[in-house]
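S.K.: coords please:
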Amino acid sequence: MIVTNTPAADLALTNLAYCSHADLHGFAVPGTKLYLASIADSFVLSPTAHESVRNGHIALNTIQRRHARVSSGDTISVNRFIPPENFDLALLTLELESVKKGTKSEQVVLANQLKKRFMNQVMTAGQRVSFEFHGNNYIFRVNQAAVEGQEKYSTIERGMISSDTDIVFETSNSSGIKKLGAMSSSKPEQSHRKDEEEETTAAEDEDTGAQVAPIVRLEEVAISTGEEEEEPILDLKAKLYRFDKDGKQWKERGAGTVKLLKHKESGKVRLVMRQSKTLKICANHLVIPTMTVQEHAGNEKSCVWHATDFADGELKDELFCIRFASLENCRSFMETFQEVAESQGKKEDNKDASDTAGLLEKLNVGDGKTEGKEQEEKPDVAKEEDKQTYKEEDKKAVDDQAKPEAGNKDEPAS
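M.R.: Now for the predicted structure:
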C-alpha cells in the first residue's frame, strides 16, 4: 500500500491507521469485531476507515512512519494480522519519553485512561505511541510487552491490551515526569495490610539491649574473580539474550553488568557479563578482529553480534543480543566494542611485522658470523704453510752440514 499522511491533526495523536472503507474489510479478524494490520512486519496497528483516504493507501502519523522507516508516497507491506490464542498482555512497561506541552513536573496517572483508549490494540516492544491527556501531548515507548503463560511468541515481544493488563510507568531522565507508583493498579486493602505488617515488624525489631554472642564465627575468605590482572574499559548495566537455534527464538540470559576487560600484560580484551544477583556468568569471550556488532532492527537500544562463548564451560558459537536502558549506553557499547576489535587487528599486524623483522635480523647476523669465521680460518692456513716452510728449511740446513762431515771421513790420513 502507498503511505500517506494522517487525514487530520487530531487523528495523529492516536495509535490508529486510516484506510478506505473498501480496504478495511481486508483487515477483519475472523470471529471478532476487530481490525488488525501488520505494518512492514514490524508492528501492529488497528486500522479504521476514513472517507478522505483513497483505496490502496494507508495513512500513518509521523511517529508511525519513522518507526516503519518510510515517508509519505513510499510503498509499504500491510497485511492482516490474526492474533494467536492467549494473546492478552499481563504486563506492559511504558517509558514516557517527552512532554511537548504543559508542566513537566506534573504527576501523571494514566493507567486507566490508557487502557480505555488503547483497549484491544496490539503493542510491540520498541514501538512509540503519541497521545493526548488533559491538554498535554505525550509520547511513550513500549519497553516490555509480556504475555502471561508464554515466554515469547517469536523474536518480537507483543500482545493485546486488556482490562487485566498491568501497566508500569518508567520515565526517561530528560522527561521531568514524576512517578506516583510502580504499578498502575491500586489495591487499598493490600496497601493497608502492608502498612500493618511494617508496623508489626518495626515493633518486633525494637532494640531491647540484649547481646547475643554468635555460635559460629566465620572468617573472611578472599575470593578470586579472575579479573585481578585486567582493567575495565567499559562497565554498563544491560539485559542479555541469546538466540535459540532449535526453538528459533530469543531467550534471556540474565540482567546485570557487562564489562570489557583488558589484560595488563597480553593486552587482549574479553567481554564478561554477570547476573546482578547471583553473579552467574552470562557471557565470556574474547573480542577478536573478525567480530562486528550491529544495531538490532527492532529496537534502537539493542545490538547483536556473533561470538565463540565460554560462559557454560565449553566453546559455543552464539548469537547475542544486548539491550540497554538508554540509546547513549547502546551507542557507547557499540563504538567501544568496534574500536577494541579494530585495535586487536592492528596489534596482530604489528606482531607479524615484528616477527618478520626479527627473522631478517637473525639472517643478517648469521651471514656476518660466517664471514668472520672464514676470515679466522685463513690465518690458520697461513700459519700451517709457514710451519711447513720452516720444517723444509731446517731439514735442508741439516743435510748441508752432514755432507762435509761425510767427505772428511772418506779422505785418507796424511
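
S.K.: was I right about Met273 contacting Thr257?
M.R.: Yes: between Met273 and Thr257 there is a contact under Cβ atoms under 8 Å: 6.8 Å. Just so you know, the C-beta spots here come from the backbone N, C-alpha and C atoms, and that holds for glycine as well.

S.K.: So between these two, which is more surrounded?
M.R.: Set side by side, Met273 and Thr257 show more neighbours around Met273, with 23 against 17, by other Cβ atoms under 10 Å.

S.K.: so the closest residue to Lys251 other than its chain neighbours bridges to which residues?
M.R.: Of all residues not flanking Lys251 in the chain, Asp244 sits nearest, at 5.0 Å (Cβ to Cβ, 6 or more residues apart in numbering). Asp244 forms beta bridges with Gln249, as assigned by DSSP bridges.

S.K.: where exactly do the helices run in the stretch 251-400 of the chain?
M.R.: 327-410 (DSSP state H, counting those that start in this stretch).

S.K.: Low-confidence ranges, the protein, go.
M.R.: Applying pLDDT under 70 to the chain flags the ranges 97-110, 149-155, 171-214, 349-414.

S.K.: Which segments of it make up each domain?
M.R.: The record assigns the chain these domain ranges, following automatic domain parsing: 1-82, 87-184, 230-343.

S.K.: Switch these over to a markdown table; also include distance to Val221.
M.R.: Listed next are the domains of the chain as a markdown table, based on distance: least, Cβ to Cβ, whole Å:
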| stretch | distance to Val221 |
| --- | --- |
| domain 1-82 | 52 |
| domain 87-184 | 37 |
| domain 230-343 | 15 |
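
S.K.: Nearest to Glu219 among the ones you listed would be which one?
M.R.: domain 230-343 (20.9 Å; Cβ to Cβ).

S.K.: related to what we said a few turns ago, which residues do Met273 and Thr257 both contact?
M.R.: Ala238 (Cβ atoms under 8 Å, 6 or more residues apart in numbering).

S.K.: that older thread, number of residues surrounding the residue nearest to Lys251?
M.R.: 11.

S.K.: distance of it from Glu252?
M.R.: Separation of Asp244 from Glu252 (Cβ to Cβ, to the nearest Å) stands at 11 Å.

S.K.: Pairing partners for the nearest residue to Leu315 once chain neighbours are set aside in the sheet, please.
M.R.: Leaving aside its sequence neighbours, Leu315 sits nearest to Thr308 (Cβ to Cβ, 6+ apart; 5.4 Å). Beta-bridge pairing for Thr308 (DSSP bridges): Asp317.

S.K.: From what I see, Thr308 and Leu319 are in contact.
M.R.: No: the pair Thr308 / Leu319 is not scored as a contact, 11.4 Å apart, by Cβ under 8 Å.

S.K.: Mind checking which of the two has more residues around it?
M.R.: For Thr308 and Leu319, the more surrounded residue by other Cβ under 10 Å is Leu319, and the numbers stand at 15 against 12.

S.K.: residues touching the more buried one, list them.
M.R.: 242-243, 304-306.

S.K.: between the residues you listed, which is closest to Val129?
M.R.: Closest to Val129 out of these is Val304 (25.0 Å), distances taken as Cβ to Cβ.

S.K.: For that closest one, give its distance to Leu60.
M.R.: Distance from Val304 to Leu60, by Cβ to Cβ: 27 Å.

S.K.: Neighbour count for these two, which is higher?
M.R.: Each of Val304 and Leu60 has its neighbours counted (other Cβ under 10 Å); Leu60 has more, 24 against 17.

S.K.: If the more buried one is in a bridge, with which residues?
M.R.: Partner residues in beta bridges with Leu60, using DSSP bridges, are Asn5.

S.K.: is it true that it touches Ser42?
M.R.: No: Leu60 is beyond contact range of Ser42, at 11.7 Å (criterion: Cβ under 8 Å).

S.K.: shared neighbours of the two, which are they?
M.R.: What both Leu60 and Ser42 touch, as defined by Cβ under 8 Å, 6+ apart, is the set Ala68.

S.K.: Is Glu219 in a helix, a strand, or coil?
M.R.: Assigned by DSSP: H, G, I helix; E, B strand; the rest coil, the conformation of Glu219 is coil.

S.K.: typed the wrong thing, it's Lys116
M.R.: Following three-state DSSP, the label given to Lys116 is helix.

S.K.: and it, how many neighbours?
M.R.: If you count neighbours by other Cβ under 10 Å, Lys116 ends up with 10.
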